[in-house]
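[1] below is the sequence, then the predicted model.
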Amino acid sequence: MAWSKVSDETVPTHAGEGPSRDVTGERVARLGPSLVLKGTLAGEEDLLVQGRLDGEISLRQNRVTIGESGRVKADVYSKSICVEGEVNGNLFGEEEVVIRRSGKVRGNVTAPRVTLENGAKFKGAIDMQPGSEKKEGARSAKETNKVAGASGTKAPAERQGAVDTSKRRVGGAG
């Protein structure tokens, strides 16, 4: 096994191989198949999990991939999550969650975009309207009502459904 220097860290690599990189050329941290980690994993780079991880993964601005040999018992918070192995825990994707055909997830998924490939195994609930969007909608409705209430007029939503039937004529000419 050779060692190579990447920025300020030393990363082990196989002979003739550079540091791990994804398809875009970005650096990817890797938890190898023989490694077991218990606790919270947090950081500022993409992650490929091929080993076992029990606890929590918090890489909110990065991508997390659970490889085919990866076994995770944790809640995962990330920008983008791809599951090819097994996850027992909830997945929170800021942009997307993808469960590949080899993937197995037991837990809830929260993300604006969710992809389940044919053959993927999934048990849980999917929420494609993350809490921040729900809170924003509720907040703006409250603000609309507050502003409308302060001016003495009804909010637009209240006016849409209101029909004054007291002056309505029924029948022909009048």
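    In hand now; what should we look at?
[2] where exactly do the helices run in the protein?
    Counting by DSSP state H, residue ranges of the helices within the chain are 131-151, 156-161.
[3] avg pLDDT for the first one?
    On average, the pLDDT along helix 131-151 is 48.
[4] same thing with stretch 62-72?
    Per-residue scores along stretch 62-72 average to 97.
[5] tell me the buried residues in that stretch?
    Using 16 or more other Cβ atoms under 10 Å as the test for burial, stretch 62-72 gives 62-67, 70-72. C-beta coordinates here come from the backbone N, C-alpha and C atoms, glycine included.
[6] and the furthest pair within the residues you listed?
    Using Cβ to Cβ, these span at most 20.5 Å, a distance reached by N62 and R71.
[7] let's see which of the buried residues of stretch 62-72 end up in strands.
    Among the buried residues of stretch 62-72, the members falling in strands (DSSP state E) are 62-66, 71-72.
[8] distance to S34 added to those residues, as CSV?
    Below are those laid out as CSV (distance: Cβ to Cβ, whole Å):
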residue, distance to S34
N62, 23
R63, 23
V64, 20
T65, 18
I66, 16
R71, 12
V72, 16
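[9] nearest to S78 among those residues?
    Nearest to S78 among those, with distances taken as Cβ to Cβ, is V64, at 4.2 Å.
[10] what residues are up against the closest residue to that closest one other than its chain neighbours?
    Spatial nearest neighbour of V64, chain neighbours left out: S78 (4.2 Å); criterion: Cβ to Cβ, 6 or more residues apart in numbering. Residues in contact with S78 (Cβ atoms under 8 Å, 6 or more residues apart in numbering) are 57-60, 62-64, 92-94.
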